[in-house]
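Participant: Let me see the structure of the following:
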Amino acid sequence: MQVPALSAADDLDALLRQRLPPPGGWLATPLRLAAVVCPLVVHDGQDHLLFAVRPEGQHQHAGQIGFPGGMRSGAEDPVACALRECHEEIGVPPAAVQVLGALPPRESSSGILVHCVVARLAPVPLRPDPDEVVRLLHVPLAELRDDGRWQERTPPPSATGYQPRTSPHFAFASDAGPELLWGLTARFVRDLVARLRA
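Facilitator: Numbering: from 1, shown residues only. The predicted structure is shown next:
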């Protein structure tokens, strides 16, 4: 019996399983805890990262681009938290998510320790919750891996909370116009890219 050849997505997933540690438990910290999914999807035949754009208005990160995720609930571990939030925010059930590993937790500008779970999403319908997500963005992983596209700059004037002096910035275009990825999510993306380069 002939074994089917690995697709590019299979190759990438195998590489990430080698280079990323498996998700563990919450780090001991006095900070509040949250978890996000860094979602890999195949879009137009290429690997993309999927991002959520937050609503304008009262939302803590109004108008910003981020990964699906949110605060810990009860005794759930980081993976359970990230998958629950992914289901609630963009409609992807946990059964359609294949966890590949984790990136090092990072502290957000609002004093939350955020765990990041890297995962492959199966091609299921996406149903964003309009209270949490106004639109979704697919960004080719190949573009995000291009160091020449990144700049280290001061956070934009819309930044909230305590901000470091500089942040990675990635400018790109969508159907809605110019977009800017920066802050904590951009740092997680840079962490992922560094693992792929290692």
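Participant: Phi first, then psi, for residue 95.
Facilitator: Backbone geometry at residue 95, expressed as degrees, to the nearest 10, gives phi -70, psi -20.
Participant: since we're on residue 128, how many residues are nearby?
Facilitator: 16 (other CB atoms under 10 Å). C-beta here means a position set from N, CA and C on the backbone, and glycine is covered the same way.
Participant: Hmm, it is touching residue 92, no?
Facilitator: No: with contacts counted by CB atoms under 8 Å, residue 128 stays clear of residue 92, the gap being 10.3 Å.
Participant: for the lowest-mean-pLDDT helix or strand in the chain, packing partners?
Facilitator: Least confident element among the helices and strands of the chain, by mean pLDDT, DSSP states H and E: helix 8-19 (a mean of 88). Helix 8-19 sits against strand 32-43, strand 46-53, strand 97-107, strand 112-121, helix 183-197, with contacts defined as 3 or more CB pairs under 8 Å, 6 or more residues apart in numbering; DSSP states H and E.
Participant: quick one: low-confidence parts of this protein?
Facilitator: 1-9, 57-62, 159-164 (pLDDT under 70).
Participant: give the contact list for the residue nearest to the spatial centre of it.
Facilitator: A centroid search over the chain (CA atoms, centre = their mean) returns residue 38, at 3.0 Å, as the residue closest to the centre. Contact partners of residue 38, counting by CB atoms under 8 Å, 6 or more residues apart in numbering, are 49, 67, 103, 116-119, 188-189, 192.
Participant: Fine by me, thanks again.
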